[in-house]
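**Student:** Provide a 3D model corresponding to the input given below.
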Amino acid sequence: MKVAHVFIRMPVGGAEDLVGDILRTMPEGADMRVVCLQNLGKVGEALQQQFPGRVNLLPWVPGKRFRIGAVLKLSRWLRDEGIQLVHTHVYNAHVYGLLAARRAGIPAVLHHHKTYAEMRWRRKIILRALSHRAAGHITLSAQTRDDLCRVFGIPREKVRVFVNPVDEETFHPAADREQLRRSLDLSAGTLLVGTVASLTPPKNHLLNVSMTAKLNELGFTGRFLAFGEGGERSRIAEAASQQKLPNFDLMGARRPIAPWMQALDVFTLGSTWEGQPMVLLQALAAELPIVASNIEGNAAVLGPDHPALFDVNDAEAYANTVWRVLNDESFRAAILAHQKRRRADLPMLRDYTKELVAFYQTIVGLPRH
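**Tutor:** Next up is the predicted model:
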C-alpha cells in the first residue's frame, strides 16, 4: 500500500514529529511518502536526509494565496506515483491534499490534531465542506472526536481515535545525565528548567519569562531553556531583557530534541491551548517531573489530578510550583509516581503504526463517492 502524507512545510512540531516516527516504524508492505508543498522545514530536512527518496519537496505553493494549479500538479503526482491514499495533518494541507486526492480518484484521511473552538469562521466553513468529502478522520481523543462530529456534522463511524504514541527507543531517561550534559556543553551542577514549544502566542512564552523572574526572586540560580522557533522570538527576547533575566535562554529548534529534554531537571509547558501535546508524552517517557498549565489538552495527557498543574494566568503559582519541584523531594516523588501510572497507558509506537496501516486498509477498501 502506498500512502502520501501531505504538508505545506514541516517545522518543529507535534504532527511533524509524529509523521517522522511513523515513517521510521512503518511495517513491511507499507510504502509511505511525505510531501511538502512549500518548503521542507527543519523536520522535513532531517527526514529527507534520513529517508532519501521518501520525503519530497514539491514547491507548488509559494505563498498563502490558494493555487488551483498546485492541486492539479499534486493530483498528477499522486497518480504517477501510484499513491493509494492521502493522509493530511494541518488545515492548508487538508485543502490541497483532499482536493488533489479526489481529482486523482483516491481516498483521503484528515488527521485532526486540534479542536475547533478557536478556528476562524471562514476556515470552519471550508473545512466543514471538505470534511464530508474525506473517506475517514483521525482524532487524538474521544473528546476531540465529539467536537469534530458536533462542529462539522461528521458521522461518528467515520472517525477513529488514535492516541499519540511515544517512541521509547528515543525518549527515555538519560543513562548518565552528567555525561549527557557535558556532551551538550551544559554545566553538570546547574539546575535546568525548560520547555519545548514554538515561539508563538498559544505557547505563552511571556508567561515563562514572568515565571522565571519570580523563580529568581525565590532564590533560583539555574537556567530556563526554551527550545523552539517562531515569530515571537524578538518579543520574548525583549521581555526577558526588560526583566533582566540572564538565565532565560532561547535555545532555538535543536534537533534531535530528546537529549536536551533528558538533560532537564524540570519540564514545563505553560500553553494557553493544546490539542494532545506530544512534548508532554515525550517528557513522560523521559521520566521528567512536569509542571504544566491546567488547560484541557495538558490535563487530558497528565490527568486532571496531576499534582503540578497551575492556573494558566498565574505566573506566581507557576513559579512556586517549579520551586517546590526543585526543593521538595516528596513533592517531586509524588509527581513522578503519578506520571508513571499515566505513562503505563500510553500506546507504543510500533503498535500504533500497525493499527494505522490496518485503518488505511479499511479506507482503501471502501467504495468512493
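
**Student:** make sure Val193 is indeed in a strand.
**Tutor:** Yes - with the criterion set as DSSP: H, G, I helix; E, B strand; the rest coil, the secondary structure at Val193 is a strand.

**Student:** quick one: it from Val279, how far?
**Tutor:** For Val193, the distance to Val279 under the criterion Cβ to Cβ, to the nearest Å works out to 14 Å. The way it works is simple: take the backbone N, C-alpha and C, and place the C-beta from them, glycine included.

**Student:** equivalent analysis for Val196, please.
**Tutor:** Counting by Cβ to Cβ, the gap between Val196 and Val279 amounts to 5 Å.

**Student:** list residues touching both of these two?
**Tutor:** Taking Cβ atoms under 8 Å, 6 or more residues apart in numbering as the criterion, Val196 and Val279 both touch 261, 267.

**Student:** how much space separates Trp191 from Ile125?
**Tutor:** I think there's a mix-up here, since residue 191 is Leu and not Trp. Relative to Ile125, Leu191 is positioned 49 Å away (criterion: Cβ to Cβ).

**Student:** compare those two (neighbour count), which wins?
**Tutor:** Shown here are Leu191 and Ile125; by other Cβ atoms under 10 Å, Leu191 has more neighbours (18 against 10).

**Student:** quick one, grab the pLDDT at the more buried one.
**Tutor:** With respect to pLDDT, Leu191 has a value of 98.

**Student:** not counting sequence-adjacent ones, nearest residue to it?
**Tutor:** If you skip the residues right next to it in sequence, Leu191 has Gly222 as its closest partner in space, 3.1 Å away by Cβ to Cβ, 6 or more residues apart in numbering.

**Student:** now the strand or helix carrying Glu178: buried residues?
**Tutor:** When elements are defined using DSSP states H and E, Glu178 is found to belong to helix 177-183. Applying a neighbour-count criterion of 16 or more other Cβ atoms under 10 Å, the buried positions in helix 177-183 are 177, 180-181.

**Student:** try stretch 319-335
**Tutor:** Judged by neighbour count (16+ other Cβ under 10 Å), stretch 319-335 contains these buried residues: 319-326, 331-332, 334-335.

**Student:** reformat those as JSON lines; add pLDDT.
**Tutor:** Written out in JSON lines, the entries for the buried residues of stretch 319-335 read as follows (pLDDT from 0 to 100):
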{"residue": "Ala319", "pLDDT": "98"}
{"residue": "Asn320", "pLDDT": "98"}
{"residue": "Thr321", "pLDDT": "98"}
{"residue": "Val322", "pLDDT": "98"}
{"residue": "Trp323", "pLDDT": "98"}
{"residue": "Arg324", "pLDDT": "98"}
{"residue": "Val325", "pLDDT": "98"}
{"residue": "Leu326", "pLDDT": "98"}
{"residue": "Phe331", "pLDDT": "98"}
{"residue": "Arg332", "pLDDT": "98"}
{"residue": "Ala334", "pLDDT": "98"}
{"residue": "Ile335", "pLDDT": "98"}
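
**Student:** between these, which sits nearest Arg160?
**Tutor:** Ile335 (32.1 Å; Cβ to Cβ).

**Student:** where's the closest residue to the closest one other than its chain neighbours relative to Leu264, distance?
**Tutor:** Taking Cβ to Cβ, 6+ apart as the measure, Ile335 lies nearest to Pro289, with 4.6 Å between them; neighbours along the chain are not counted. Separation of Pro289 from Leu264 (Cβ to Cβ): 9 Å.

**Student:** residue contacts, the residue nearest to Ile335?
**Tutor:** Residues in contact with Pro289 (Cβ under 8 Å, 6+ apart) are 265-267, 308, 325, 332, 335-336, 339.

**Student:** returning to what we had before: contacts for the helix holding Glu178?
**Tutor:** Helix 177-183 is contacted by residues 174, 187-188, 259, 262-263 when judged by Cβ under 8 Å, 6+ apart.

**Student:** make a ChimeraX selection of the buried ones in those residues.
**Tutor:** Here is the ChimeraX selection string for the buried members of the contacts of helix 177-183, based on 16+ other Cβ under 10 Å:
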select :174,259,262,263
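
**Student:** adding distance to Gly14, write the contacts of helix 177-183 out as JSON lines.
**Tutor:** Supplementary listing: those in JSON lines, determined by distance: Cβ to Cβ, whole Å:
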{"residue": "Ala174", "distance to Gly14": "22"}
{"residue": "Ser187", "distance to Gly14": "30"}
{"residue": "Ala188", "distance to Gly14": "30"}
{"residue": "Pro259", "distance to Gly14": "19"}
{"residue": "Gln262", "distance to Gly14": "19"}
{"residue": "Ala263", "distance to Gly14": "21"}
